[in-house]
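Student: got a sequence here, can you build the structure:
(chains A and B)
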2 protein chains.
Amino acid sequence: MQTEIAKQLAFLKEIDQLKSVLRRSPLIDRSRRENSAEHSWHLAMYALILAPYANQPIQLGSVIQMLLLHDIVEIDAGDTPIHQAAGQSDQAEREAAAAVRLFGMLPEAQGRDLHALWTEFEAGTSADARFAKALDRLQPLIQNVATGGGTWNDFAVSYDQVVERYGPAIEGGAAKLWDEAKDLIREHFEKH
Amino acid sequence: MQTEIAKQLAFLKEIDQLKSVLRRSPLIDRSRRENSAEHSWHLAMYALILAPYANQPIQLGSVIQMLLLHDIVEIDAGDTPIHQAAGQSDQAEREAAAAVRLFGMLPEAQGRDLHALWTEFEAGTSADARFAKALDRLQPLIQNVATGGGTWNDFAVSYDQVVERYGPAIEGGAAKLWDEAKDLIREHFEKH
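Tutor: So this is what the prediction gives:
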């Protein structure tokens, strides 16, 4: 029988693997690709700094918690880049199974609560989840603009495709940030 | 004149550099050293999971925010490993200057609030800061035990030195976690 602390430390060791899940997005200095753990840190900082721009009142603590844990399912299911449609068919299923396994490592009540927070993010319907999802789209957009194109170059993505793929989520959670982002996208595609 | 949003996005781009500050601690799979951004993410997850063990009542949201931003000064000042005394003499000064520069990039009221949170962490006297500092010591201890020694091997650190260097901070913020950690340290040094 594992004690509660032992279960919690086992979970915290298990999620160390998120540091080895590579995303397509580059670091701003272009030295390498970003991993999902540091991406999650960056998103939590985005929430802390940009909270005033949420469309609706949010609970900042819940938004930050969601962003910290939203990607841990990638430990089992891998990252699926927004600009690659292939391989996404069973992605939701694999992520759901990963959530059961990972949150199931925790003491029951705690695992249930955090699993529910992950599910709330995935559903994307609450005010907190909509703002969290807006930031999850905004951060790679900023990384791409700052690196002269980033994944947009890798996948030959057009201005219209960027607006279509990033717009609804960002505008749906933080319309003021989408206004700013639209200007950045326009300036980028004028230059490139 | 930069708008508030422009200042905030500039700050969020600036702190991308934390992903390139390398710590001495290894990842658990030993594939490479940990960087300070993913370390900060891991610590925020430690706070979320281990909050019930704080010695005193804490505000979990504040603890998580502290841990997210406590290391950003390393962008200018670098990381100072616990087992290396050399080079620490002007570390506090360089970190204080970094805090002024980085938080100074933000809109004034926001920068002032977050700078105050960073200062609270550094002082380590509030209940929130004591718990945050306990986790900042516990996480590398767990990484070291999980990798058969980690930085303890690199610096030929003894059992007594580990107890002396990690104990006060962990026990001061979360005595129950120190009870658990002591067992892990003892088991480690019996085997190695």
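Student: what about residue A:92, neighbour count?
Tutor: Applying other C-beta atoms under 10 Å in any protein chain shown, we find 12 residues neighbouring residue A:92. Quick note: C-beta positions are derived from backbone N, CA and C, even for glycine.
Student: no no, residue A:100
Tutor: Residue A:100 has 13 neighbours, counted by other C-beta under 10 Å.
Student: and it, what element?
Tutor: Secondary-structure element containing residue A:100, defined by DSSP states H and E: helix A:91-103.
Student: elements contacting that helix?
Tutor: Helices and strands touching helix A:91-103, by 3 or more C-beta pairs under 8 Å, 6 or more residues apart in numbering or on different chains; DSSP states H and E, are helix A:74-77, helix A:108-123.
Student: residue contacts, residue A:118?
Tutor: Neighbouring residues of residue A:118 by C-beta atoms under 8 Å, 6 or more residues apart in numbering or on different chains: A:66, A:69, A:70, A:72, A:73, A:99, A:103.
Student: what's the distance between the last one and residue A:3?
Tutor: Translated: residue A:103. According to C-beta to C-beta, to the nearest Å, residue A:103 and residue A:3 sit 18 Å apart.
Student: the more surrounded of the two?
Tutor: Applying other C-beta under 10 Å to residue A:103 and residue A:3 shows that residue A:103 carries more neighbours, namely 23 against 10.
Student: identify each buried residue in stretch A:50-68, please.
Tutor: By 16 or more other C-beta atoms under 10 Å in any protein chain shown, the buried positions in stretch A:50-68 come out as A:50-51, A:53-55, A:58, A:60-68.
Student: of those residues, closest to chain B?
Tutor: Nearest to chain B, judged by C-beta to the nearest C-beta, of the buried residues of stretch A:50-68 is residue A:61 at 4.0 Å.
Student: secondary structure element holding the closest residue to that closest one other than its chain neighbours?
Tutor: Leaving aside its sequence neighbours, residue A:61 sits nearest to residue B:61 (C-beta to C-beta, 6 or more residues apart in numbering or on different chains; 4.0 Å). Under the criterion of DSSP H and E, residue B:61 resides in helix B:60-69.
Student: so which other helices or strands are in contact with that helix?
Tutor: Helix B:60-69 packs on helix A:36-50, helix A:60-69, helix B:36-50, helix B:108-123, helix B:127-146, going by 3+ C-beta pairs under 8 Å, 6+ apart.
Student: sorry, back to before: just the buried ones from the contacts of residue A:118?
Tutor: Those of these that meet the buried threshold are A:66, A:69, A:70, A:72, A:73, A:99, A:103, by 16+ other C-beta under 10 Å.
Student: quick check, nearest of those residues to chain B?
Tutor: residue A:69 (7.2 Å).
Student: pLDDT weak spots in chain A?
Tutor: For chain A, the stretches with pLDDT under 70 are A:85-88.
Student: hmm, back to that, contacting residues around the helix holding residue B:61?
Tutor: Helix B:60-69 is contacted from outside by A:41, A:44-45, A:48, A:60-61, A:64-65, A:68, B:40, B:43-44, B:46-48, B:51, B:54, B:114, B:117-118, B:120-121, B:128-129, B:131-132, B:135-136, using C-beta under 8 Å, 6+ apart.
Student: report the backbone C-alpha coordinates of that helix in PDB.
Tutor: Presented in PDB, the C-alpha positions along helix B:60-69 are these (Å, rounded to 0.1, in the frame of the first residue of the first chain):
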ATOM      1  CA  LEU B  60      -2.000  28.400  -3.000                       C
ATOM      2  CA  GLY B  61      -2.400  30.900  -5.900                       C
ATOM      3  CA  SER B  62       0.300  33.200  -4.400                       C
ATOM      4  CA  VAL B  63       2.600  30.300  -3.900                       C
ATOM      5  CA  ILE B  64       2.200  29.100  -7.500                       C
ATOM      6  CA  GLN B  65       2.700  32.700  -8.800                       C
ATOM      7  CA  MET B  66       5.900  33.100  -6.700                       C
ATOM      8  CA  LEU B  67       7.300  29.800  -8.000                       C
ATOM      9  CA  LEU B  68       6.500  30.700 -11.600                       C
ATOM     10  CA  LEU B  69       8.400  33.900 -11.400                       C
END
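Student: now the angle from it to helix B:91-103?
Tutor: On the basis of axes from the mean of the first three to the mean of the last three C-alpha atoms, to 10 degrees, helix B:60-69 is oriented at 100 degrees to helix B:91-103.
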